[in-house]
Structure formats: structure tokens, C-alpha cells
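Engineer: Sequence and predicted model, in that order:
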Amino acid sequence: MKKALGIIGIFTAIFIVASVFGENFLTGINLMQLTQRASLYSILALGASLVIVTGGIDLSIGSVVCLSGIMTPWLLVEKEWTPMQVIPTVLAVSAFIGLCHGLLITKLRLQPFLVTLCGLLLYRGLARWLTGDQSQGFQGEFEGVRSIALAKFAIPGIENYRIPSTVIPAIVLAVAIGLFLSRTVWGRWLLATGRNESAARYSGVPTARLVTLSYVACSLLAGFGGMLFIFDIGSAQPSDFGNFYELYAIAAAVLGGCSLRGGEASVIGVLFGAATLQVLRNTITLVGLSSQLEFAVIGTVLLVGVAADELIRRFSARRLERLGART
Amino acid sequence: MPPEQPVFLRVRGVGRRYAGVTALADIDVDVRGGEVLAIVGENGAGKSTLLKILSGVVQPSDGDLQVADESGNLQSVVLDGVRDATKAGIALVHQELNLAENLDVAGSIYLGREPSRLGLLDLAAMRRDARKWLARVGLDIDPGTLCGTLPIAQRQLVEIAKALSCEARILILDEPTSSLSAREADRLLEIMAELRARGVAVVFVSHHLDEVMRIADRVVVLRDGHKTGELARGAYDRATVERLMVGRDLARVERRASRAESRVRLKVEGLLSAHRKKAPVSFEVRAGEIVGLAGLVGAGRTEVLEAIAGVTNAGARDGGRVMLDGAELVGASFERVRRGVAIVPEDRARNGLFLEDPVSMNMSLAWLDRSSRARLVDGRGERSLVGSMIARMQLRPAQPARRVQTLSGGNQQKAVIGRWLAVDPAVLLLDEPTRGVDVGARAEIHAEVRRLADAGSAVVFASSELEEVLLLADRIIVMHEGAIAGELAAHEASEVAIMHLATGGTHAS
């Protein structure tokens, strides 16, 4: 919780700025859209944080989003599969991708950066080739299954705002991952592996299995997220769908207090990190800044946030040293 | 020893406080050229703080440092940072080695002050000069060797060569022999004596009173941040120094009578390590037995322990079999841990501890797996376990939430050993169990290891300290170049007999 305080502060500040300066920011439709987006990106960021906790990285998230998001309408419309066939297949493909990453990293000892960079290129290429680079969509059908991501739940007494259904998987996953990390032996082991892989191995932790598991979970969540994204937007181009999503996911995890060195995570922080990035994007549009500045603004905020975090950490370490050093 | 050696460094009334806690108070010391000065004390006595002040790493809160100038007059100085200290001719060799593993030896020695010609590194000059300084410390290696490939003992010597190459008049060594085998430690003491003969002032901290007795011209004893004594050669004996260190007479620990049962718990058959295929290693350990592996650094003791625990990366390619209670141990380390094999590694910072995590997490890690129901962490059980293990290991300070990083070496080691004692391992493997650990903590660790053996576990430990091997082991296996050179029962063993085997001699009997 302590680790999340910084990002909660940043989120609050940006939220206030947006409320004051963004004319349409506090409208129901805008907030509804924001919650929807923040939830979807949270799912990706939660996956990324599991990998980052082990000291690894997954650059292929955006391409997995693309592959699963393109495969879903392609299988439904072009191949005429039923939703009950498509959903398990797409999730299984995603999990298999994660399994390959994990095995290449733990058994062949390749670096996570390289393995997932190759994945980034591979899965997007695959998605474009499968579909002949044609835009894929539901063509107005499959309303039932799309409602997984499109349904909105009214809150009694509130008129303009309804809760988007994607909040539910985001919250459920966050609670599950939070409990996993803090209350289960495997979670403790995952943190230990990220902190010091070698010491964990010497202590009897099956480090290779845990690292593999984290990549499976990350890709599975990316695939699941990709499916929700496509249900939400309806159609997408294989050449650009999901571009840079891995960077939003990694940035949210880091803003939320996950150290790229591994061993540290805060689920609440990750949720706020993902939400902060979406509010920021939204604010840029609403206050009339050129949308071409979007990446520049996000990059700046990320840099400032990470630098502030590092300075605070160093300050508290020094304080700790003053109190504790007596050797 | 003529007392009128020139004073290079004078310390007067120096103290250091950390947030109101006094780490060091009112220290007076003269450091003289051509003299070896030993600083001894228990962990937490203030030795490291004093060294840090002398080498400019921290500044004293009180008092005055004076350094002799070229004509020998003492001038007050402020040593703000290592650079100032280097300029004043003071060099510190850390206990934790600080060489960059990806640099070669010459590059490490000249790191930060590389000779250059026309803006390019003058590699030839660097290597030539490096060779000279390496010769000074008796190290015959190619200056182009990568530091990462050197054993710890040689890295230490490279660090000393580096210090000498800075034209240091005052060489400060923080526990220089803690990572060395007996023979290498001997060599280092010789080098210290040679430096003394050249007029260098050598200051060293050591937990090995034997070394102190052998080489120190003067001994400064610290306890709880205060100087409790300063004794010149001839005026001190071991018992006096120990009394000044701990404030009481240490009870002499007797070697325990072996309580080994006849039941064989651990059986090692024809073990071959991947890069040392020379001779297979076979031995047995009975229930209740403590076996000591002696030998020089590089003799293959660590490889044997790691092969038993299954933690070596090349584990699959090792030949041979390891049996526990009659059944073969196979698979990765975590499967062996589940069967009751525990290893306390040599390098505790790298392989043993989660430095940024609290004591509680470090001590409960192995226990979690045994205790948890449905893979859930039992928070209350964990707290009570950690509390009782802290008390049992006499961990100080007794704070479960404290980061392990901030503990002294001895207490860190207690945390690693406590992690395993919490699960009563069938086999406990310890690699250098008391390296960098003070006298009091060492006795406590030994007592816990004995208690585990007395309860029927098999214990194997490797130690470069003959004193420890003789004190703790029931049976001693001496290794030489990857093979077992001989075996000695503890009661018939002596330092001479062990060294004879360890250096390639054949068993006389």
C-alpha cells in the first residue's frame, strides 16, 4: 500500500487538473469511457507486473493483443466457429505463447528482452499474414458475446454514469493477483525469485517453474485483454491494433511501484498506474493540446514519476543507514 | 620493535554517531610506518566504522585526524571521500571485494586512472606495470585475465596490488584473510610483513586472533565503540585480548564427543563435477555425524556440496550418485530441498540472502513450504516461527521487520542458517559457515549445528579455517585438486596432518 501512495498522489493531481481545465472531463460519457479503457489496460498491466516482479520484461504484449484480437473476429466471421470454440482457442494460443517465452528464458537461458522482442515481431507478422492484412470485424453480429465488454451496469441514484462490464474482470484479477502475491507460498516464491534468483534457488524455490508461470500468466492476460479490446471497438487493422500497448502496460506497472530490478510489486499501484495513463491521454485531448504531443507528455510524466520514486527511495535508504549503520 | 617509528596518521578523540546512536567514541590511535596494527573486536564493536573514517568513506562526528606531510609534520586533515584519502596515501581494501568482473586484472588495477597515450589506453604500459604490482603480492597471473574468472583469494590479492599501485603509505585491510585458505592466508601475512619492512603502515581488522598474534606489532581492542585496550607486541596474549573484546573470559569450547550412529544417512558415490573430471569423490555421512571438508581454496569442496544440493547449473552433467537414507537424490535443488537437503552457501550475499527484504521473510522461506495448507501463507504461524527462530539463533537486534542488509555479517549468517534449522533438515551442508563472523556468533552457530547433528541429522561443512575444522568436525575429509586426499578422525587430526594432505602429500599412516 505504501508503494502505491506516490501513484495515487499523481493520479489525484492529474484528475484535479483534468476536472478544472477539461471542459467535458467530468461528463458521464467521458468518465464511462475512461473507466472502460483503464480497466482494459489494467488487465495488460497486471500481466506485465507479474513478469516484472521476476526481474523480467515482456515486450510482446501489444502483439499478443493484436493476434488474439484479430483471431477472434476472424475465427468467428471468416471461419464460422462458435464463440464457445473461439474463446478457449484464443486463450490457449495466448497461454502457449507465454509458455514458449518462459521455456526459452528458463531452459535455454535467453534474455527476456530478446525473446519477447522477437515475439513482438513474430505475432504481429503472424496476425497480418493470417488475415491477409485485412481489417477484421464482427460486421454487426455477435452482440451476445460482445456484451462481455460492452455491457454497462446502472448504479441506482446516478443518472449519467453506468459501470462498464470490463471493470469486473479487472477488479477480480487484481484481487486474485494481490492475494496470490501476498498470501500464497507461490506468490512469496515469485517475489523471492525476483529479488535474488540465485538465493531463491539455493533455498529450494522452483525458480524456473515460477518464471515460466509468470510469462504464461502475462501472455494469457494479454490475450484475454486483446479479446476484450476487440469486443469493445468492433473491428481493427492487423497492422496497427495493439501497437505500443506493451509500453502502456510496462509504464503502468512501473508507475505503480514495480521495480524493473524485480522483487517488488503493488497491485493497487498498478491499477492506479494504468488509470493515470488513460486520464492523462484523455486530458491531453480535452484541454486542447495537440494529440501529436501525447507520447511526449506521457514520456515526461513517466520520467518525472520514476525519478521522484528513485529519489525518495534513496532518501529513505540513507535515513535507514543513519539509523541502522553500526558495524 | 623500536617504538620510534614515524607516525603517519594520528587519530585523536574521534567519534561517530548515527542518529543519536554512538557507533564510536573517543578513539585515540597512532598509525606508524613500518608497523602492523591490528584492530580487533566483536561485530558491532565499531571496527568497520573506524576503518571507514580512516579511509574517508565517512566523516567523524567528533575529533581530529592528522596526517604526516613529506617532512613528517602532522597536519590536521578532513578526509572527505576516498579520493582525499588516496591523496593522503591511505588505501582501503574492502572485505566485500569490489572488482568489476568484466575487466581484466590490469584494467582493474588502473581503473579510474588508466595511463593513456593520444587519448587511447596505453594497454602495454598498463599490463607491464600491473605485472610489477602483482609480483609484489606474489601473484603470478597474466594481467589480461578477466577478474570474474579468478578465485576469491586471487581477487583479494589483485585488490591489494591495486591499493599498492596508488603509492599508499597506509594500507588498510578489512578482514583480509576471511576468504582465504590457510596457505593463502599465510602468504598474505608474509606480504604484509614485506610491506612493513618497506616502511608501509599496515592496518588490518581480523577475527582470527591467531593471525593477530603472529603478525601484529600492536593491537587495538574495541568494544561497544570504545577502545578497551592497546597492547604492544609482547604485552598481549590471546586470553587478554579476548577478555578485552568480550568483557569476560570466553569459556573454552571443547570438541564434543562424536555421537554418530551407525545408520548411514548420506552416501556420495563417484561424484564427478563437470569441469573437474579427474577423480570421483565418494564418502558417507552417518546420522548424527559432522564431517568437515578441508582443503585449499579451489580444491573442489564447494563443488561437492553444491552437487549434493543440486544447485549447480551444470548439475545434470555431473557424474555419480547421491543417496539419502538409501534412496537416490535426483532432480533440481527444490526437489532435493523437499527431501530434507539444505545448503548454506559460501557467498551469502549472492546466494543466501534477500538483502532488501526483512529478517522475517528471509528466515521463514523454507518453512513456508512445509507448513502451508493449500499453499496459503499462515501469517500467524510465520510470525511465531520467526520470533522463536530469532530467539534460538540469538539474532541481534531481535527485530523481524528489519532489513537483512543492515545486520552484521554474523547475524546475516545466523539468518541463513536459521532458515534451515526451522525445517530440521536431514542433511545440512555448510560452505564456510562462519566466514566474517565474530567469536561470539561463531560459538553460537557451532552450538546450533551440533544440536542439529545430535538430533540425528547428517552435517557436512567446508571450511578454510583449520581451527574450525578441528573444533567442529567428528571426521575430516581432506580434498586436494578435486579428489579426496585422505580422511582423518577428529581426535587424530592436527593442523599439520591436514595441511600435509591438502597440499598434495600422501597419508603417512
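Structural biologist: Yes, it's here.
Engineer: ok now do A:C100, which residues does it touch?
Structural biologist: Listed by C-beta atoms under 8 Å, 6 or more residues apart in numbering or on different chains, the contact set of A:C100 is empty. Heads up, the C-betas are built off the backbone N, CA and C, glycines and all.
Engineer: ok, so what distance separates it from B:R373?
Structural biologist: 34 Å (C-beta to C-beta, to the nearest Å).
Engineer: domains of chain B?
Structural biologist: B:1-89+B:171-180+B:201-248, B:97-167, B:264-360+B:423-502 (automatic domain parsing).
Engineer: Please name whichever of the ones you listed is nearest to chain A.
Structural biologist: domain B:264-360+B:423-502 (2.8 Å; C-beta to the nearest C-beta).
Engineer: re the thing from before, mind giving me a markdown table with the domains of chain B and columns for distance to chain A?
Structural biologist: Output for those, formatted as a markdown table (distance: least, C-beta to the nearest C-beta, whole Å):
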| stretch | distance to chain A |
| --- | --- |
| domain B:1-89+B:171-180+B:201-248 | 4 |
| domain B:97-167 | 15 |
| domain B:264-360+B:423-502 | 3 |
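Engineer: Please identify which of those domains is closest to A:S39.
Structural biologist: Ranking the domains of chain B by proximity to A:S39 (C-beta to C-beta) places domain B:264-360+B:423-502 first, at 31.9 Å.
Engineer: State the mean pLDDT of that closest one.
Structural biologist: Mean pLDDT, domain B:264-360+B:423-502: 87.
Engineer: Tell me how many other residues crowd residue 114.
Structural biologist: Picked chain A for this. 12 (other C-beta atoms under 10 Å in any protein chain shown).
Engineer: think we crossed wires, I meant chain B
Structural biologist: 15.
Engineer: ok, it - contacts?
Structural biologist: B:E114 neighbours (C-beta under 8 Å, 6+ apart): B:107, B:121-122, B:126.
Engineer: Farthest-apart pair in those residues, please.
Structural biologist: B:G107 and B:D122 (11.9 Å).
Engineer: Checking the residue nearest to B:A483 when sequence neighbours are not counted next. Helix, strand or coil?
Structural biologist: Leaving aside its chain neighbours, B:A483 sits nearest to B:A279 (3.4 Å; criterion: C-beta to C-beta, 6 or more residues apart in numbering or on different chains). Following DSSP: H, G, I helix; E, B strand; the rest coil, we place B:A279 in the strand state.
Engineer: between B:G107 and B:D122, which one's more packed in?
Structural biologist: Set B:G107 next to B:D122 and count neighbours by other C-beta under 10 Å: B:G107 wins out with 21 against 15.
Engineer: what's downstream of the host helix or strand of the more buried one, the next helix or strand?
Structural biologist: Secondary structure assigned from DSSP states H and E places B:G107 in helix B:105-109. As assigned by DSSP H and E, the chain's next helix or strand after helix B:105-109 is strand B:116-117.
Engineer: Could you name the helices and strands sitting against the helix or strand following that next one?
Structural biologist: Next helix or strand after strand B:116-117 toward the C-terminus (DSSP H and E): strand B:120-121. Here strand B:120-121 touches no other helix or strand, going by 3 or more C-beta pairs under 8 Å, 6 or more residues apart in numbering or on different chains; DSSP states H and E.
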